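Asker: Pasted the sequence and its predicted model underneath.
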Amino acid sequence: MTTNRKGYMKQYEATHRDRLRVLRHENWARKRLDTLERYGTSCACCGFNDPFKKIGRQAFLQFHHLNGDGYKHARSRDMASLMRWLRKNNFPSGFGILCASCNVAILPGQTACELHKWEEKMGYVKARQGPRYVG
């Protein structure tokens, strides 16, 4: 019985590959948007707010570890498993949303990346009232 089911599933996946790809993408997009909504749908530093913008295959809005221990998750998890971990652990505090640019430029414990600190100092943008992070 198991062999027949296994063969059936292989055949089904081969004949419905495009449909399954669409379903997987829709499922991922729904879960990503749900997870983003828990932490905020825009960059906490610059305000960028397109949740599905990508750079190649990399999502532009990224989850940011507020205490700077993201390297621990990065070694053991990819983005899909990080979202799964956040959902499984009931969306714990200590995470925020940053765009890829700000996520690279921000240092642990800071509320704004170096570029936006410089813009505030030079008077290009209004000073921030504090972090817009959850947690």
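Answerer: Perfect, thanks for sending it. Numbers count the residues shown, from 1 in each chain.
Asker: Let me see the ranges of the strands in this protein.
Answerer: With strands called from DSSP state E, the chain shows them at 54-55, 58-59, 61-65, 95-99.
Asker: so of these, which one's packed in deepest?
Answerer: Across those, the average number of neighbours (mean count of other CB atoms under 10 Å) peaks for strand 95-99, which reaches a mean of 24. Every C-beta, even on glycine, is put in place using the N, C-alpha and C of the backbone.
Asker: partners of that strand, with directions?
Answerer: strand 61-65 (antiparallel) (DSSP bridges).
Asker: For the strand it pairs with, output the C-alpha coordinates as CSV.
Answerer: The C-alpha trace of strand 61-65 is given here as CSV (Å, rounded to 0.1, in the frame of the first residue of the first chain):
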residue,chain,number,x,y,z
LEU,A,61,12.0,43.2,4.5
GLN,A,62,13.9,41.1,7.0
PHE,A,63,13.4,39.9,10.5
HIS,A,64,15.9,41.7,12.8
HIS,A,65,17.1,40.3,16.2
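Asker: before we move on, back to that, could the strands of the chain be laid out in JSON lines, adding mean pLDDT?
Answerer: Shown next, in JSON lines, are the strands of the chain (pLDDT from 0 to 100):
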{"stretch": "strand 54-55", "mean pLDDT": "80"}
{"stretch": "strand 58-59", "mean pLDDT": "80"}
{"stretch": "strand 61-65", "mean pLDDT": "84"}
{"stretch": "strand 95-99", "mean pLDDT": "87"}
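Asker: Which one of those strands lies nearest to Cys46?
Answerer: strand 95-99 (6.2 Å; CB to CB).
Asker: Need the residues that contact that closest one.
Answerer: Applying CB atoms under 8 Å, 6 or more residues apart in numbering, the contact partners of strand 95-99 are 36, 39-46, 48, 60-66, 86, 106, 113, 131-135.
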